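>>> coords please:
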Amino acid sequence: MLQHELRTTLGLVRLDGAWPDRRLAIEADGRRWHSPKADFERDLRRSRAIVAMGWRHVRYGWTDVHHRPSEVLREVAELVAQLGAAAA
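Residues are numbered from 1 along each chain as shown. Next up, the predicted model:
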């Protein structure tokens, strides 16, 4: 599922991808929006808030998404399957 809004202790966050029934959050972090120190620190706080809610938070970089998309898709599919089996 693409883009999902999740209310955390920090407020509403928009995830790049999510499987709410499995509590799996996927994000793609590009350097343009996530490199400045303030953005990096915000992202760390945000990740901790997501994990504190019992979600698994997996982050991919620009290189992962653009140069290894099949690997990213395989990893995400494996996680979705694992978490679905764990919930059953």
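>>> which element follows the lowest-mean-pLDDT helix or strand in the chain toward the C-terminus?
Lowest by mean pLDDT, DSSP states H and E among the helices and strands of the chain is helix 31-34, with a mean of 59. Per DSSP states H and E, the first helix or strand lying C-terminal to helix 31-34 is helix 37-52.
>>> what does that following helix contact?
For helix 37-52, the external contacting residues (C-beta atoms under 8 Å, 6 or more residues apart in numbering) are 6, 8-10, 13, 15, 25, 29, 33-34, 57, 59. Placement of C-beta: from N, CA and C, glycine included.
>>> and which of the residues you listed is nearest to residue 83?
Closest approach to residue 83 among the contacts of helix 37-52 (C-beta to C-beta): residue 25, at 11.1 Å.
>>> Okay, angle between the longest strand seen in the chain and helix 37-52 too, please.
Assignment by DSSP state E gives strand 11-19 as the longest strand of the chain. Taking axes from the mean of the first three to the mean of the last three C-alpha atoms, to 10 degrees, one finds strand 11-19 and helix 37-52 inclined to each other by 70 degrees.
>>> beta partners of the most centrally placed residue in the chain?
Among the residues of the chain, the one closest to the centroid is residue 26, at 2.5 Å (C-alpha atoms, centre = their mean). For residue 26, the residues forming beta bridges with it (DSSP bridges) are residue 17, residue 58.
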